[in-house]
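Enquirer: starting from these lines, generate the structure:
(one chain, ligands or ions: 4)
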Amino acid sequence: MARPNDEVAALFQEYADLISITGGDAFKARVYEKAARSVGGHHADVSTLDLKGLQEIPNVGKSIAHKILEYLADGRVAAVEDLRAKIPAGVRRLTAVPTLGPRKALALYEELGVRSVDELADAIHQERLRDLKGFGPKTEQNILHGIELLRSAGGRVQLDVAMGLAEDVVAALSAVPGCERCTYAGSLRRMRETIGDVDILVAAERSAPVMRAFTALPYVTEVVGQGEKKTSVRTGRGLAVDLRVVPPDSWGAALQYFTGSKAHNIRTRERAVHHRLKLSEYGLFDVESGAKIVSRTEEEVYDRLGLPWIPPTLREDRGEIEAGLRGELPALVTEADLRGDLHTHTDLTDGLAPLTEMVEAAARRGYAYYAITDHAPDMAMQRMTDERMLAQRAQVRALDGTRPTRGRRGGLRLLHGTELNIGPAGEVDWPDDFLAGFDLCVASVHSHFNQSREALTRRLVRACDNPYVNVIGHPTTRLIGRRPPVDVDLDAVFAACARTGTALEINAHPDRLDLRDEDILRARRHGVRFAVNSDAHAVPHLDTMRYGIGTAQRGWLTADDVINTWPERRLRSFLRKGRWPGRTARRTLPRVRLCPCD
Ligand code: DGT
Ligand code: CA
Ligand code: CA
Ligand code: ZN
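Expert: Ligands and ions are numbered 1, 2, ... in the order given. Okay, here's the model as predicted:
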């Protein structure tokens, strides 16, 4: 289910947009934007808080707190509804065009009646914008370029947005009487980095009650197609959903078919033909007799095709069929294998939550160890100093081992680290003697993205050669749909990582997913190790790990490839980068005992 915090955050972000579009107070719009971020990142569920508790959330004052209570009680906020009523949804979507601000969007609607991106493109081609004040030929070109950018994203949405919606739909349909099974399939089940539409599959003898419940969902804005077997809708969250209802005895075949990918399905159909079978969206059939073969599970289907069950994250026709036939599918890393998170922030820099809250949340996740890696001084806006970093280290040492956790008998172990900034020449924030005091250093590029390929490659390789840099954070710096990856010779970087014992991060934030699956596959061949990290700036971000793990699986990684699945001792030895001879421990940390029998 989407957290109430996320719902409130989305509502406030929409309210801020609506204020801007309707020419409202820019200051007020910013206030709601900030509140949206704080509420989204707040650790406590807003639906459990009273007025006073709500006002303790940063950037939430009395009037905003009242709006949250109104939303929780009524499912709507009058002030937002008032503005919604003024502006058609299509006009709000106009502001998604990268070069079009809210005021221009409103002018286009009021002067020309333009109420969608397609209508806007038509209006430009018909030269209808020429007569408007403030819209010269240059503006037209900019808007057209913006529309192109928007269309090249293909209307795909990020993984977390699709997952939130899919989990809501699955929860709602699972409660319908007669629904025997319900899950999401398609690219979402394969954990692709962006999702075109959500595919939901239900097993039920009778489809009508499920279809009725589906089209009645509150966030469904339009029913695009409706039939006995399939219904397609659009939702207010900017994403379409397809629902298929199948008889329970073909669940396995249907799930296999609708999980895809198309490329993988072509290969499985070939296998079916080979076994004189026919595999389609309707089930698995014997070609000669035409008889339907009961296929209640995917395992049965793959077994009929002479294959082991193939994890959805591998189903891209990247060698998984061949590996399956040889019995050599990798034992993929899972979220349960993770023993810790090695890249996280606190409110000492740009995080939202204090150290203790982050640490307690990490313990609740059952981690054995957890690294705090706030930004270093070169990111000037973060105002880091040696003193502040050392003061944090003292706090970290005091908290170390004090929080009981499932993952380790002696309490959660804390590593004190930092996220260094890789400068234009590959230099980092501090000299070696200061770096030596950290348990681990993540190092990332945060600026100068447009250097030449040679310069960027040298820069990253130099960072790997730094004896204190353990992990290269978000290695390509891409932001999905917003910023392309840097142009760098990745093979040279991968080779440097393997040579120096530097891990590559798989940043789990759904905006990043960096490295991405294809790069992971390449890096793996160089013998590189990986760290799947949340880069959490708030407590809820710790849960984005699932997307990082999905991406790692798409890169065929096993637990052994991922350093934060390793026992603490093996991890600490890796973090020494060969600086100390094998078995001499750098520092013997006190063992913390929780109870006498431990
Ligand atoms: P998306 O929605 O663009 O993120 O990607 P998918 O993979 O979810 O694609 P979608 O929604 O068009 O279809 C869901 C699955 O249904 C797809 O992964 C495989 C199956 N499927 C759809 N159309 C075809 C087809 O023409 N041939 C085959 N073999 N399978 C198909
Ligand atoms: Ca889909
Ligand atoms: Ca679909
Ligand atoms: Zn970070």
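Enquirer: was I right to think residue 541 contacts residue 509?
Expert: Yes - with contact defined as C-beta atoms under 8 Å, residue 541 and residue 509 form a contacting pair (7.1 Å). In short, each C-beta sits where N, CA and C put it, glycine included.
Enquirer: leaving out sequence neighbours, find the closest residue to residue 247.
Expert: Nearest non-adjacent residue to residue 247, counting by C-beta to C-beta, 6 or more residues apart in numbering: residue 205, 6.7 Å away.
Enquirer: ok, now residue 483?
Expert: Per C-beta to C-beta, 6+ apart, closest to residue 483 is residue 477, 6.9 Å.
Enquirer: so that neighbour, which state does it fall into?
Expert: Secondary structure for residue 477, judged by DSSP: H, G, I helix; E, B strand; the rest coil, is coil.
Enquirer: what's the neighbour count on it?
Expert: By other C-beta atoms under 10 Å, 20 other residues sit near residue 477.
Enquirer: before we move on, what about the one 5 residues further on?
Expert: Counted by other C-beta under 10 Å, the residues lying close to residue 482 total 10.
Enquirer: and what of residue 343?
Expert: Residue 343 has 26 nearby residues by other C-beta under 10 Å.
Enquirer: contacts only, for it.
Expert: Applying C-beta atoms under 8 Å, 6 or more residues apart in numbering, we find residue 343 in contact with 371, 373, 419, 442, 471, 473, 505, 507, 531, 533, 534, 535.
Enquirer: model confidence for it, exactly?
Expert: The model reports residue 343 with a pLDDT of 98.
Enquirer: without its sequence neighbours, what residue ends up closest to it?
Expert: Excluding the flanking residues, the one nearest residue 343 by C-beta to C-beta, 6+ apart is residue 533, at 3.6 Å.
Enquirer: sorry, back to before: now tabulate the contacts of residue 343 in a markdown table and tack on secondary structure and distance to residue 311.
Expert: As requested, the contacts of residue 343 are exported to a markdown table (DSSP: H, G, I helix; E, B strand; the rest coil; distance: C-beta to C-beta, whole Å):
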| residue | secondary structure | distance to residue 311 |
| --- | --- | --- |
| 371 | strand | 28 |
| 373 | strand | 31 |
| 419 | strand | 32 |
| 442 | strand | 29 |
| 471 | strand | 26 |
| 473 | coil | 27 |
| 505 | strand | 23 |
| 507 | strand | 22 |
| 531 | strand | 21 |
| 533 | strand | 22 |
| 534 | coil | 22 |
| 535 | coil | 25 |
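Enquirer: check these against ligand 4, which are close?
Expert: 419, 535 (C-beta under 5 Å from the ion).
Enquirer: got a ChimeraX select line for the buried ones in the contacts of residue 343?
Expert: One line in ChimeraX is enough to select the buried members of the contacts of residue 343, burial here meaning 16 or more other C-beta atoms under 10 Å:
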select :371,373,419,442,471,473,505,507,531,533,534,535
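Enquirer: before we move on, back to that, hang on, the residue nearest to residue 483 packs against residue 486?
Expert: Yes - between residue 477 and residue 486 a contact is recorded at 5.4 Å, counting by C-beta under 8 Å.
Enquirer: break this structure down into its domains, please.
Expert: 4-153, 155-246, 259-329, 335-575 (automatic domain parsing).
Enquirer: hmm, the second one in reach of ligand 3?
Expert: Yes - for a cut-off given as C-beta under 5 Å from the ion, domain 155-246 has contacts with ligand 3, namely 197, 199, 242.
Enquirer: what about ligand 2: which of these touch it?
Expert: When C-beta under 5 Å from the ion is applied, the members of the residues of domain 155-246 next to ligand 3 adjacent to ligand 2 are 197, 199.
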